[in-house]
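K.L.:
Sharing a model that was predicted from the sequence below.
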Amino acid sequence: MSVYETIKMSPLLGLQGSGGGLAYLAGLAGGDKVYVDDVFGTFLWNGTWGGTGSAVTINNGIDLTGEGGLVWTKHRNYGNSHQLYDTERGAGKPLYSNITNGEGNNPVFSSFNSNGFSLTAGSANLDALNGGTSQEYASWTFRKAPGFFDVVKFTGNGSTGLRAINHNLGCTPAFIIVKNASGGATWGCWHKDLTSKNYYFPLNDTDQERDGTQQLWDATDTTFSFHSGIVGNGSGVTFIAYLFASEEASFGTGGNESIIKCGSYGITSGFSDQTIDLGFEPQWLLIKRTDAASSWSIVDNMRGLTDGETVRLRANLSNAEQTTTPGQVLISATGFTVKEGTTDYLIGPSSRYVYMAIRRPNKPPTAATEVFHTNYLASNGKDIKQITGFPIDLLLYHYGDAVNAIDRVRGKVRSRTPYNYAEGAFTPDMLDYSDGFKNESFNGSVSLGYSFKRAPGFFDIVAYQGTGSARTVNHNLKVKPELMIIKCRTDTRSWIAYSSYSTAEKFLQLDDPFGSQDSAELFNDTEPTATQFTVGTSNSVNNANSTTGKYIAYLFATLPGISKIGSFTGTGNAINVDCGFANGARFVLIKRADPAPAGAGSWYVWDTARGIVSGNDPYILLDSPVAQVTNTDYIDPLGTGFTVTASAPAALNASGGNYLFFAIA
């Protein structure tokens, strides 16, 4: 019996099914916190088949060898069936969500691992799990955990009517899926927001909720019951059930966060945007209309949840993924919005929908290599690919005379500094990978990339719509931002920067070397907090126009041992800047921040990929359209951070000058 089962069943603790009990058991288990990153992950990969193919190990950070769980896979660009593998039935035994067939046999799915799962070589170019190199695949891994998810395998006993089955979810399930693994029966589903316990709907069909005219489902924090008329209950037949929780606040650093929510939304007439407050930012959504026939939509932030497009797969169909525009699912720091104009699989007139949402990853990093990667590549006109080991949320991609900002929140667009133009289309989907980036149409000679992953205390991204009036914008950095960079996406406006050194009464421009300038119109003279930042009435940060008033904000903070944002005063002599790092800085940004005009100075950037050494150190300028400079020695390595040398110009080290810096270990 696991520690979870022991605690849940203990009559002395009185904690059965409670969020408090789940938090307490984490303490008894050694104090380890459980994050959504530990129990759920989306992973994208390409096949390897080329006549013979090769094995693939999917490292998604999810341990499936202990508690066990479920891996749901789908061939993205071809019409193969969804394949669901769970540890109760074993590797190589898929169920197919889009058909009623029983358990299949696919040895390509070879094992569940301590950090994901493994695939053997595929058998053909269009293999459902590991075909040709142009074949794209997605997986969603659910690890069993109280308050999140459970898998139950049981054997039919031939009885009719309601039958109760024990589970270890630790709370009352909010969404249940049951399948006869021997085949010949529909996938039976129940959601807490269906009309009543008399209703269910099939996963493998578009049907609206069905009224069984009698009680078909019931659940408690220890059992779930289903009616034999849905999926059968034949004697000796193997059944599998997937159980999902909702709003059990027992995860995260404080043991008080929920990571999954099941709910519903709808409108009484016509079309209109629908905003759902989850209390967290989602990374994955399953949505189904209940009052009319409609497909089951699966969307996630790895494949695309942007205002440009929403990429969906349909659980009830084998079809390749579909891009929907206009009309999308937009995510925010606190939930999601279903946009008016979408066909009725996401919003429709006089319609009602149920959903299941899973929180975005929010586990604090323990090393800078988990959230930041720098690379310098000579492509010589060839395709470029870089493995970072983590999904990239922001890629600053330098070649020629500009730095391109590409992020997962906006999708296939880019903004460029030092230019102040509106964002433009960027066809290569460089971030459509789980462990790096690739550009298959790169035509430059060299490239420089800085890859960032969102993580609490380190970095966050927020897209928002302007209102024209001073307002607050929610974020998920979880600490006060010390550096914010905001760009109007849809109009020609400067890049606006806030720094905790200059305070919210002043601003800097990323596309200009000016020093700090006064303006209440940018940040409304209001300091950001651990949950919100404030923008004023300037069109550069808050235009009310629905077309030209879209913005992207990048938020950074000091995370001890990983990143450091601070300031120093120039002396004209060598200055050691202690960032508290163990092995020096891999990335350094410096900007003179005295009031304009005396504080004029470019935004300098160095990195160890090109070299932070005792000799010359190549740098780029974010505010100037020039190629990298390679013949200067303005900084030197330092074990705890970096050194600004005596040879540095006034823009970096004038006696009495004040400088903002951002360093990453």
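P.N.:
Great, that's in hand.

K.L.:
ends of stretch 215-223, how far apart?
P.N.:
Across stretch 215-223, the terminal residues are separated by 16 Å (CA to CA, to the nearest Å).

K.L.:
I'd like the average pLDDT over that stretch.
P.N.:
Mean pLDDT, stretch 215-223: 96.

K.L.:
What of stretch 67-79?
P.N.:
pLDDT averaged over stretch 67-79 gives 97.

K.L.:
Could you give me the buried positions within that stretch?
P.N.:
Glu67, Gly68, Gly69, Leu70, Val71, Trp72, Thr73, Lys74, His75, Arg76, Tyr78 (16 or more other CB atoms under 10 Å). No exception for glycine: its C-beta is placed from N, CA and C like everyone else's.

K.L.:
tell me the contacts of the fifth one?
P.N.:
Contact criterion CB atoms under 8 Å, 6 or more residues apart in numbering gives Leu64, Leu84, Tyr85, Asp86, Phe109, Phe112, Phe117, Ser139, Trp140, Thr141, Phe142 as the residues in contact with Val71.

K.L.:
I'd guessed the fifth one sits against Asp86; true?
P.N.:
When you say that, I think you mean Phe109. No - if you go by CB atoms under 8 Å, Phe109 and Asp86 don't touch, sitting 10.9 Å apart.

K.L.:
what about those two, which has more around it?
P.N.:
Remark: of Phe109 and Asp86, Asp86 carries more neighbours, 26 against 23, as counted by other CB atoms under 10 Å.

K.L.:
Tell me the one of the buried residues of stretch 67-79 nearest Tyr450?
P.N.:
Arg76 (27.7 Å; CB to CB).

K.L.:
was I right about the closest one contacting Ala138?
P.N.:
Yes - contact criterion CB under 8 Å: Arg76 and Ala138 qualify, at 5.4 Å.

K.L.:
shared neighbours, the two?
P.N.:
Shared contacts of Arg76 and Ala138, counting by CB under 8 Å, 6+ apart, come down to Leu44, Arg303, Leu313, Glu321.

K.L.:
Asn616: which of these is nearest?
P.N.:
The closest of the shared contacts of Arg76 and Ala138, once distances to Asn616 are taken by CB to CB, is Leu44, at 39.4 Å.

K.L.:
For Lys93, see how far away that closest one is.
P.N.:
Separation of Leu44 from Lys93 (CB to CB, to the nearest Å): 23 Å.

K.L.:
returning to that earlier point: restricted to helices, list the buried residues of stretch 67-79.
P.N.:
Per DSSP state H, helices hold no members of those.

K.L.:
before we move on, what SS does the nearest residue to Thr548 once chain neighbours are set aside have?
P.N.:
The shortest distance from Thr548 to any non-neighbouring residue, by CB to CB, 6 or more residues apart in numbering, is to Asp491 (4.1 Å). Following DSSP: H, G, I helix; E, B strand; the rest coil, we place Asp491 in the coil state.

K.L.:
Could you do Ser225 as well?
P.N.:
Going by three-state DSSP: Ser225 is strand.

K.L.:
got it, and Ala422?
P.N.:
Here Ala422 is recorded as coil under three-state DSSP.

K.L.:
Next one, pLDDT for it please.
P.N.:
96.

K.L.:
who does the nearest residue to Ala333 once chain neighbours are set aside bridge with?
P.N.:
In space, and not counting its chain neighbours, Ala333 is closest to Asn474: 3.9 Å by CB to CB, 6+ apart. Judged by DSSP bridges, the bridge partners of Asn474 are Gln532.

K.L.:
any idea where the helices of this protein begin and end?
P.N.:
Using DSSP H, helices in the chain cover 3-9, 19-28, 36-39, 228-231, 520-523, 539-542, 650-653.

K.L.:
contacting residues around the residue nearest to Trp187 when sequence neighbours are not counted?
P.N.:
Leaving aside its sequence neighbours, Trp187 sits nearest to Leu203 (CB to CB, 6+ apart; 3.5 Å). The contact partners of Leu203, by CB under 8 Å, 6+ apart, come to Ser97, Ile177, Lys179, Thr186, Trp187, Gly188, Cys189, Trp296, Ala315, Asn316.

K.L.:
Just the buried ones from those residues?
P.N.:
With neighbours counted by 16+ other CB under 10 Å, the contacts of Leu203 contain buried members at Ser97, Ile177, Lys179, Thr186, Trp187, Gly188, Cys189, Trp296, Ala315, Asn316.

K.L.:
Show me which of these is closest to Ser451.
P.N.:
Taking CB to CB as the measure, Ser451 sits nearest to Ala315 out of the buried ones among the contacts of Leu203, at 31.8 Å.

K.L.:
Out of the buried ones among the contacts of Leu203, which is nearest to Gly212?
P.N.:
Taking the buried ones among the contacts of Leu203 together and measuring to Gly212 by CB to CB, the closest member is Gly188, at 10.2 Å.

K.L.:
burial measure for the residue nearest to that closest one when sequence neighbours are not counted, as a count.
P.N.:
Setting aside the residues directly before and after it, Gly188 is nearest to Ile230 in space (CB to CB, 6+ apart), at 3.8 Å. A count of nearby residues for Ile230, using other CB under 10 Å, gives 21.

K.L.:
just to revisit the earlier point, out of the contacts of Val71, what pair is the most spread apart?
P.N.:
Spatially, the most separated pair among these is Phe109 and Phe142, at 15.3 Å (CB to CB).

K.L.:
residue ranges for the strands of the stretch 551-665 of the chain, please.
P.N.:
Counting by DSSP state E, counting those that start in this stretch, the stretch 551-665 of the chain has these strands, from start to end: 563-569, 575-578, 587-592, 603-607, 620-621, 635-638, 641-644, 658-664.

K.L.:
Now do the buried residues in stretch 649-660.
P.N.:
Ala651, Leu652, Asn653, Ala654, Gly657, Asn658, Tyr659, Leu660.

K.L.:
Kindly indicate which of these lies nearest Leu508.
P.N.:
Of the buried residues of stretch 649-660, the one sitting nearest to Leu508 (CB to CB) turns out to be Leu660, at 7.8 Å.
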